[in-house]
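> when you get a sec, could you give me coordinates for this:
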Amino acid sequence: MARRFKTRGVKANKAYSVDELADVTGVSVPAVRIWLREGLPRIDGSRPILVLGFQALEFLNARRAKSKRPLKPGEFLCFRCSAARTALGAMADYEPLTATSGRLKALCSVCEGTINLNVSVCNLPEIRSVLDVEFRGSR
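Just a heads-up that it's a prediction; the model follows:
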């Protein structure tokens, strides 16, 4: 699994060397060099290699957006299958965690492992149109 990176420390109006960008994003220097090979724009072809902050932010945000896999209503992410799966028998249990959110628990339709999904109470009507949800516990 790819290591996560942080973008909060990257300033848009600053130029970064490879070492500085690695420190600010919390990754290794070889990871930044891989980003450069994959298209992270640099200031020019001379040494030291410098990257503008706003270009680094654009590249990293695009990279993060590309890796997102949004789930449809009634889908869960099964860690055993490493894929989006539906609940076995279209049934799930809802356990409230707070007054406004809770957790859906079900079985994977492929591997029959336990799958969980944290949901907001306001999203439950949409999910109940797809799944048979039974409420467990109270808060």
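
> quick one: pLDDT of the residue nearest the centre of the chain?
Of all residues in the chain, the one closest to the mean position by C-alpha atoms, centre = their mean is Lys68, 5.6 Å from it. Looking at Lys68, its pLDDT is 79.

> with Arg136 instead?
Looking at Arg136, its pLDDT is 83.

> and the spatially closest residue to Ala87 that is not a sequence neighbour, how far is that from Ser82?
Take Ala87 and drop its neighbours on the chain: the residue closest to it by C-beta to C-beta, 6 or more residues apart in numbering is Ala106, 3.6 Å away. For the C-beta atoms, the positions are set from N, CA and C on the backbone; glycine is no exception. Distance from Ala106 to Ser82, counting by C-beta to C-beta, to the nearest Å: 17 Å.

> can you check Leu88 too?
From Leu88 to Ser82 the distance is 17 Å (C-beta to C-beta).

> the more surrounded of the two?
Leu88 (16 against 9; other C-beta atoms under 10 Å).

> tell me which element Ile115 falls in.
strand 114-120 (DSSP states H and E).

> do the same with Leu57
Using DSSP H and E, Leu57 falls within helix 53-66.

> can you pull the contacts of the nearest residue to Glu112 once chain neighbours are set aside?
Closest residue to Glu112 apart from its sequence neighbours, by C-beta to C-beta, 6+ apart: Leu88 at 6.3 Å. Counting by C-beta atoms under 8 Å, 6 or more residues apart in numbering, Leu88 makes contact with Ala106, Leu107, Cys108, Ser109, Glu112.
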